[in-house]
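# Pasting the sequence and the predicted model now:
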Amino acid sequence: MDLKSNHTAPVLTDQSTLGVHNSLLQYSPRGAAFSSNLLLTIPRKKTGVLDDIRSSGWLDAMMSSSPPHKKINKDIQNELPLADADFAYRSWLLKYPSALTSFEKITNFAKGKRIALFLDYDGTLSPIVDDPDCAFMSNNMRLSVKKVARYFPTAIISGRSRDKVYEFVGLTELYYAGSHGMDIIGPVTKSACVAHSNSIRSTDKQGKEVTLFQPASEFLPMIEEVYDSLVESTKDIEGAKVENNKFCVSVHYRNVDEKSWMTVAQRVHDVIKEFPRLRLTHGRKVLEVRPMIDWDKGKAVLFVLESLGLSNSDDVLPIYVGDDRTDEDAFKVLRERKSGYGIIVSSAPKESNAYYSLRDPSEVMEFLNSLVMWKKSSGL
């Protein structure tokens with residue numbers, strides 16, 4: 001089976017909004033301007049900021065970030081626009097078929113191969129919630145992840161700090177990559193330590209020897225400084241929340257009134273314009289400040305595969321399940337390698353480098369359970 005046969009590689013919707021894939025977007029050094037094709041430009045001067053942000057598409061990007069903050073009135077759900085949305089979603093499924101209805105096709109291709117499973121956390125294993133500190137996964141989901149990890153090497157790759165996502169998941173059977181892959185704990189292998197100078201041997205909380213990989217360790221003091229500055233600069237914006245994810249800083253505006261989103265963007269810009277080695281990316285109602293290094297979730301997938309000794313084998317099938325813009329880097333890597341499947345979690349149509357889709361975390365859990373049942377029944 002040729003993985004290309006599913007559909008040709010699409011262009012991200014976000015590119016039309018932001019002008020560039022968010023993982024490539026970076027802040028220019030102080031005093032420099034964005035090139036004309038980088039539409040995500042936040043002006044330094046506060047006069048005319050709203051008009052400039054609107055014309056650049058930045059405010060539109062913030063407003064289009066899903067899911068919406070306000071709950072939809074139940075009466076509205078029965079109107080025609082929702083029917084149109086449902087039709088659009090069903091049409092979208094022709095390009096990104098459900099991983100559940102396509103499960104037999106996926107497992108037929110997986111026969112004789114070793115599956116390596118990669119999972120995002122927020123919006124994939126847990127629902128998106130107003131308070132990021134309350135994004136708890138259900139006990140049933142935890143059990144499903146625990147079961148699937150018995151049969152397949154499984155890693156969580158999240159924008160959260162590694163410690164924080166471990167607290168949410170609480171399973172020792174997994175490998176964890178926090179801060180969009182800039183903080184990885186994996187198995188101890190000679191190849192991983194030799195190939196990457198930032199790899200060191202360490203001990204996890206259970207006393208097990210592991211490989212610790214932190215390619216952005218030199219940025220820690222800078223990230224701490226930016227975090228403190230962003231907390232101070234946004235403290236008067238009701239609903240704004242700044243989260244320290246160790247190697248990146250997240251500014252959540254999900255609970256901020258839309259009229260104040262411009263202010264949030266301006267405050268973030270005013271802080272990070274003094275740090276030319278940092279870049280700004282955009283997620284689901286969150287602005288993220290990250291080190292300007294050539295590293296993302298896609299490279300984290302490759303690192304974990306290498307650490308597991310699975311990077312150069314034709315009989316390995318990586319599967320990555322995620323819902324956010326940052327997961328596109330992983331989807332793209334699997335597509336380019338022609339050796340794995342990206343599965344996007346979304347209840348609304350969006351362009352993606354994934355091959356398949358799942359509607360929400362409940363379908364993710366069903367998919368994981370199906371993998372376990374398939375593995376048991378196959379006797380492999």
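Looks like it came in fine. Residues are numbered from 1 along each chain as shown.

# When you work out contacts or count neighbours from here on, use the C-alpha atoms and nothing else.
Noted.

# Pop out the phi and psi values for residue 245.
With angles defined as degrees, to the nearest 10, residue 245 sits at phi -110, psi 30.

# Need the per-residue pLDDT for it.
In this model, residue 245 is scored at 95, pLDDT.

# so what's the residue nearest to it when sequence neighbours are not counted up against?
Counting by C-alpha to C-alpha, 6 or more residues apart in numbering, residue 245 lies nearest to residue 161, which is 4.2 Å off, once chain neighbours are set aside. By C-alpha atoms under 8 Å, 6 or more residues apart in numbering, residue 161 lies in contact with 178, 179, 183, 244, 245, 246, 247.

# Could I get the contacting residues of residue 372?
147, 148, 151.

# Please identify the helix or strand for it.
Using DSSP states H and E, residue 372 sits in helix 361-378.

# Show me what the mean pLDDT comes to for that helix.
96.

# pull the CA atoms of it into PDB?
What follows is helix 361-378, C-alpha atoms only, in PDB (Å, rounded to 0.1, in the frame of the first residue of the first chain):
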ATOM      1  CA  PRO A 361     -11.100  12.500  22.600                       C
ATOM      2  CA  SER A 362     -13.900   9.900  23.000                       C
ATOM      3  CA  GLU A 363     -13.100   8.700  19.500                       C
ATOM      4  CA  VAL A 364      -9.400   8.700  20.300                       C
ATOM      5  CA  MET A 365     -10.200   6.400  23.200                       C
ATOM      6  CA  GLU A 366     -12.200   4.100  21.000                       C
ATOM      7  CA  PHE A 367      -9.300   4.000  18.500                       C
ATOM      8  CA  LEU A 368      -6.900   3.100  21.200                       C
ATOM      9  CA  ASN A 369      -9.100   0.400  22.500                       C
ATOM     10  CA  SER A 370      -9.500  -1.000  19.000                       C
ATOM     11  CA  LEU A 371      -5.800  -1.200  18.600                       C
ATOM     12  CA  VAL A 372      -5.600  -3.200  21.800                       C
ATOM     13  CA  MET A 373      -8.300  -5.600  20.700                       C
ATOM     14  CA  TRP A 374      -6.700  -6.000  17.300                       C
ATOM     15  CA  LYS A 375      -3.400  -6.800  18.800                       C
ATOM     16  CA  LYS A 376      -4.900  -9.400  21.200                       C
ATOM     17  CA  SER A 377      -6.900 -11.100  18.400                       C
ATOM     18  CA  SER A 378      -4.100 -11.100  16.000                       C
END
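
# residue boundaries of the strands in the stretch 151-300 of the chain?
Ranges of strands in the stretch 151-300 of the chain, per DSSP state E, counting those that start in this stretch, are 154-157, 175-178, 183-186, 199-203, 209-213, 241-244, 249-252, 278-283, 286-291.

# The last one - which strands sit beside it in the sheet, and in what orientation?
Under the criterion DSSP bridges, strand 286-291 sits next to strand 249-252 (antiparallel), strand 278-283 (antiparallel) in its sheet.

# Where does pLDDT dip in the chain?
1-82, 187-199, 202-209, 379-380 (pLDDT under 70).

# Can you tell me how far residue 263 is from residue 242?
14 Å (C-alpha to C-alpha, to the nearest Å).

# Wait, residue 318 touches residue 337, no?
No: judged on C-alpha atoms under 8 Å, residue 318 makes no contact with residue 337 at a distance of 10.2 Å.

# how about stretch 274-282: buried residues?
By neighbour count with 16 or more other C-alpha atoms under 10 Å, stretch 274-282 contains the buried residues 275, 276, 277, 278, 279, 280, 281, 282.

# As TSV, those with distance to residue 369 would be great.
Below are the buried residues of stretch 274-282 laid out as TSV (distance: C-alpha to C-alpha, whole Å):
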residue	distance to residue 369
275	45
276	45
277	43
278	40
279	38
280	37
281	33
282	32
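
# between those residues, which is closest to residue 89?
residue 282 (23.7 Å; C-alpha to C-alpha).

# could I have stretch 318-325 exported to CSV, CA atoms only?
C-alpha atoms of stretch 318-325 as CSV (Å, rounded to 0.1, in the frame of the first residue of the first chain):
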residue,chain,number,x,y,z
PRO,A,318,4.5,5.3,13.6
ILE,A,319,1.0,6.6,14.3
TYR,A,320,0.7,10.2,15.6
VAL,A,321,-2.6,11.5,17.0
GLY,A,322,-3.0,15.2,17.7
ASP,A,323,-5.4,18.1,17.3
ASP,A,324,-3.3,21.3,17.2
ARG,A,325,-1.2,23.3,14.7
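
# Alright, I will stop here.
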